[in-house]
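Trainee: Sequence first, predicted model second:
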Amino acid sequence: MGRFDQFSENYKDILDQHISVSGESSEYFTEYKACYIAKLVPTNSPGKLLDFGCGVGLLSSYLKQYMPTCTLHGYDVSSASIERIDPDLTARGMFTSDQSKLDNDYDAIIVSNVLHHIEPKNREGTILALRERLSSGGKLIVFEHNPANHLTRKVVDKCPFDEGVELLPLRETVAHMSKAGLGIGQSDYIVFFPHFLKLFRPLEPLISWCSLGAQYALVGEKHG
């Protein structure tokens, strides 16, 4: 049984409970990322996306909303989580816990808060394998918790499905992408302000260089 199988039934409830300190639910963070991704993927073509580590399909649902013409595939090691994805979503794409079923021509692969669940010794190999599944010009889009943010570390420390994980700073993810032969296309710290300071959120793109964001986004590009 995959580690996340035990959380598949109430994954969203657990997540919402532990991020409630921000004043937001999982919907806010998930839609934030879908909006970020939609700005990176050309809208003049349908595009083919892979949500790697899709869980119960929270991000995939928003990806379909923001990019309704894309072909969307999802992979998660937890087969129980795959089974809980909305049937309306699975009917419009391919979702699996079998990596051998994935294609090798994705325009973008999204890895959202997944790498910290992978043992450090296996992270470089994971990114290299994902690079091989990108089409020429494809993008690997990674979102990760920022270990430099005190509140982020506090939330991760108390979350049951993050037990024992080792967060990776931006520089580590950059190094893995570079060793995999991916060019660094964009790098941003994101999600700075909790709900009670939401009036300041329009300023976030202007301070994406500041390493105090709760998470970061890193975009690697495959050339050739």
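Mentor: Here it is on my side, so go on. Since we're looking at a predicted model, the values are computed, not measured.
Trainee: Distance from the chain centre to stretch 74-87, please.
Mentor: 15 Å (C-alpha atoms, centre = their mean, to the nearest Å).
Trainee: Just the element for residue 185, please.
Mentor: Secondary structure from DSSP states H and E places residue 185 in strand 183-190.
Trainee: Measure how the next helix-or-strand element following that strand sits relative to strand 183-190, angle-wise.
Mentor: Of the helices and strands lying after strand 183-190 in sequence (DSSP H and E), the nearest is strand 215-221. Interaxial angle, strand 215-221 versus strand 183-190 (axes from the mean of the first three to the mean of the last three C-alpha atoms, to 10 degrees): 170 degrees.
Trainee: Now do the longest strand seen in the chain: which elements does it pack against?
Mentor: Counting residues, the longest strand found in the chain (DSSP state E) is strand 134-145. Packing partners of strand 134-145 (3 or more C-beta pairs under 8 Å, 6 or more residues apart in numbering; DSSP states H and E): helix 26-40, strand 106-112, helix 120-131, helix 150-158, helix 170-179, strand 215-221. C-betas here are computed from N, CA, C, even on glycine.
Trainee: if we go to 10 Å?
Mentor: Contact partners of strand 134-145 among helices and strands, from 3 or more C-beta pairs under 10 Å, 6 or more residues apart in numbering; DSSP states H and E: helix 26-40, strand 48-52, strand 106-112, helix 120-131, helix 150-158, helix 170-179, strand 183-190, strand 215-221.
Trainee: Flag every buried residue along that strand.
Mentor: 134, 138, 139, 140, 141, 142, 143, 144, 145 (16 or more other C-beta atoms under 10 Å).
Trainee: Show me the shaky parts of this structure.
Mentor: Applying pLDDT under 70 to the chain flags residues 1-2, 43-45.
Trainee: centroid residue for the chain?
Mentor: Centroid-nearest residue in the chain: residue 112, 1.1 Å away (criterion: C-alpha atoms, centre = their mean).
Trainee: quick one: contacts for that residue?
Mentor: 29-30, 33-34, 37, 51-55, 58-59, 141-144, 215, 217 (C-beta atoms under 10 Å, 6 or more residues apart in numbering).
Trainee: go again using 7 Å as the cut-off
Mentor: 33, 53, 59, 143 (C-beta atoms under 7 Å, 6 or more residues apart in numbering).
Trainee: what do you get for residue 193?
Mentor: Counted by C-beta under 7 Å, 6+ apart, residue 193 has contacts 200, 201.
Trainee: picking that back up, ok, the buried residues of strand 134-145 vs residue 179, which is closest?
Mentor: Residue 179 lies nearest to residue 140 out of the buried residues of strand 134-145, by C-beta to C-beta, at 12.8 Å.
Trainee: The contacts of residue 112: which two are farthest apart?
Mentor: Counting by C-beta to C-beta, the most remote pair of the contacts of residue 112 is 33 and 53, 12.4 Å apart.
Trainee: Quick check: which element contains the closest residue to residue 69 other than its chain neighbours?
Mentor: Leaving aside its sequence neighbours, residue 69 sits nearest to residue 46 (C-beta to C-beta, 6 or more residues apart in numbering; 4.4 Å). Counting by DSSP H and E, there is no helix or strand that carries residue 46.
Trainee: Was I right to think residue 46 contacts residue 67?
Mentor: No: using C-beta atoms under 7 Å, residue 46 makes no contact with residue 67, being 8.3 Å away.
Trainee: circling back: give me the nearest residue to the residue nearest to the centre of the chain, chain neighbours excluded.
Mentor: residue 143 (4.4 Å).
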